[in-house]
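**Student:** Sequence first, then the predicted structure:
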Amino acid sequence: MSEERAFWLAWSRVAGVGPILQKRIYLQFGSLKTAWTAKPEELLQVEGIGAQSAIAICKSRDQIAVDRLDQSQNFLTPADSNYPRLLFEIPDPPPVLYYRGQLDLIREFDRQSAIAIVGTRQPSEYGKRWTRKLSATLANNGFIVISGLAAGVDTEAHQSCLEAGGKTVAILGTGVDVVYPYKNRQLYHQLLKTGLALSEYPAGTQPDRRHFPQRNRIVAGLSRALIVTEAPEKSGALITANLANDYGRDVYALPGSLDNPNAIGCLTLISKGAQIILGTSQFLEMIGTIPALDQPQNPDIELTLANLDPSLAKVLQTIHTIAQRSEHAAVSFDLIVQTAEMPTASVSSSLMHLELLGLITQVPGMRYQMI
């Protein structure tokens, strides 16, 4: 386990440090490894940390042995090149993302649009039927379907996608080894054969009502667009839809009857600007306008390197090599430092020069990609 990766895991175990604060600590120190030895007075420089919380954080941190952390679980951190790029667009990306299933599907998020389908746990027959129709339509047209493996709409979305031969991703509010609801265990194991289960909670984490609203931000963040097929006025699905809107994702809603309490949430979304679904053909026309993620067009790398100062050339070559190997355009700062085997200050200076030369650009999450 690389050092910086290990410290993303370690900081996620520190009491009082959530995703937002962990991100702030990283941005303040430039490395979570460096931050691990920071004194309370140094932590005070981080927005959101006061005198008492700095002391408490250091006390909790000092009880964690980084080299003894459980490395047996499969997980990703922002230090990994295959951490989902879309999650860097949200304010609180999960510091650790545990997974089961086909990890290669992560790479397909850059090439295929992933669409989330969410809704009530108690859908009507109309809601079930249209959830299945929309999920199958997405699968048949090469989209990845994301949902939360909950009862009701989530279950219908996953199941219909699989039956259509598509790929689906389940975002869990439990550990990836805990199936909830338990009746979905067969669906879960079927899903893992071609799809993926993701969670920010470590193995063994049991259902907790506080986890599910947190889980919803990952559903919204990983999706290029989100569909609500049926939901009451007060619903977790509406929370997810609002998050998706905040993240700049397209939100779609299926209209229903005013006599159906589970349709009021969708009608409310439509009244506030969500796009109305009037049929599968019309829906496909709308989502067909979703642009692919930017794929930078690299210049002639050899010619470019030959005209650069050696330190600049080394950093640029490192970014190019990692991007080619991982099939991800953006490369984290820490991975550049580790791979180039250069001092942090030298890498920072080189990156700044390369940006000024118009050869690279910085993207959210302290990541860099060639232009």
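**Tutor:** Here it is on my side, so go on. Keep in mind it's a predicted model, so treat the numbers as computed, not measured.
**Student:** which residues touch Phe109?
**Tutor:** Residues in contact with Phe109, defined by CB atoms under 8 Å, 6 or more residues apart in numbering, are Pro84, Arg85, Leu86, Ile144, Leu222, Leu293. Using the backbone N, CA and C atoms, a C-beta is placed for each residue, glycine as well.
**Student:** ChimeraX command to pick out the buried ones of those residues?
**Tutor:** Once 16 or more other CB atoms under 10 Å is used to decide burial, the buried members of these can be selected in ChimeraX as follows:
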select :84,85,86,144,222
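**Student:** Now intersect the contacts of Phe109 with the helices, please.
**Tutor:** Using DSSP state H to define helices, the subset of the contacts of Phe109 located there is Leu222.
**Student:** Any chance of CSV for the contacts of Phe109, columns pLDDT?
**Tutor:** Formatted as CSV, the contacts of Phe109 follow (pLDDT from 0 to 100):
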residue, pLDDT
Pro84, 89
Arg85, 81
Leu86, 87
Ile144, 96
Leu222, 95
Leu293, 57
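**Student:** quick check, nearest of the contacts of Phe109 to Leu254?
**Tutor:** The shortest distance between Leu254 and any of the contacts of Phe109, using CB to CB, involves Ile144 and amounts to 19.8 Å.
**Student:** Look up phi and psi at the closest residue to the closest one other than its chain neighbours.
**Tutor:** Take Ile144 and drop its neighbours on the chain: the residue closest to it by CB to CB, 6 or more residues apart in numbering is Ala114, 4.0 Å away. For Ala114, the backbone dihedrals are phi -100, psi 130 (criterion: degrees, to the nearest 10).
**Student:** Which parts of the stretch 201-350 of the chain are helices?
**Tutor:** With DSSP state H, counting those that start in this stretch as the definition, the stretch 201-350 of the chain shows helices at residue ranges 211-222, 236-246, 264-271, 280-287, 301-306, 310-326, 333-340, 344-356.
**Student:** Show me what the longest one packs onto, helices and strands only.
**Tutor:** So that's helix 310-326. Where contact means 3 or more CB pairs under 8 Å, 6 or more residues apart in numbering; DSSP states H and E, helix 310-326 is packed against helix 301-306, strand 331-332, helix 333-340, helix 344-356, strand 367-370.
**Student:** Summarise which helices and strands the helix or strand just after the fourth one is packed against.
**Tutor:** Past helix 344-356, further along toward the C-terminus, the next helix or strand under DSSP states H and E is strand 360-363. Here strand 360-363 is seen to pack against helix 344-356, strand 367-370 when contacts are counted using 3+ CB pairs under 8 Å, 6+ apart.
**Student:** Dump those to a markdown table, plus mean pLDDT.
**Tutor:** A markdown table is the format used below for the helices and strands packed on strand 360-363 (pLDDT from 0 to 100):
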| stretch | mean pLDDT |
| --- | --- |
| helix 344-356 | 84 |
| strand 367-370 | 86 |
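**Student:** okay, these, which one's buried deepest?
**Tutor:** Comparing these on average neighbours per residue, with mean count of other CB atoms under 10 Å, the densest one is strand 367-370 at a mean of 22.
**Student:** Direction included, what does that one pair against?
**Tutor:** Strand 367-370 pairs in its sheet with strand 331-332 (antiparallel), strand 360-363 (antiparallel), by DSSP bridges.
**Student:** okay, those, which one's buried deepest?
**Tutor:** Relative to the other members of the strands paired with strand 367-370, strand 331-332 carries the highest mean neighbour count by mean count of other CB under 10 Å, namely a mean of 24.
**Student:** still on that earlier bit, ok, of the contacts of Phe109, which one's closest to Leu196?
**Tutor:** When these are ranked by distance to Leu196 (CB to CB), Ile144 comes first, at 9.0 Å.
**Student:** Low-confidence stretches in this structure?
**Tutor:** Within the chain, the ranges that satisfy pLDDT under 70 run 1-2, 71-72, 110-111, 289-304, 326-328, 364-365.
**Student:** show me what contacts the residue positioned nearest the centre of it?
**Tutor:** Of all residues in the chain, the one closest to the mean position by CA atoms, centre = their mean is Leu87, 3.5 Å from it. When the contact criterion is CB under 8 Å, 6+ apart, the partners of Leu87 are Pro93, Pro94, Leu97, Ile218, Gly221, Leu222.
**Student:** Of those - the most surrounded one?
**Tutor:** Taking other CB atoms under 10 Å to define a neighbour, the member of the contacts of Leu87 with the most is Ile218, carrying 29 neighbours.
**Student:** And for that residue, nearest residue in space, chain neighbours not counted?
**Tutor:** The nearest residue in space to Ile218 (CB to CB, 6+ apart) is Ile171, at 5.0 Å.
**Student:** Tell me who's in contact with the one you found.
**Tutor:** The contact partners of Ile171, by CB under 8 Å, 6+ apart, come to Ile146, Ser147, Gly148, Leu149, Ala197, Leu198, Ser199, Arg215, Ile218, Val219, Leu222.
**Student:** Before I go, just wanted to say thanks for your time.
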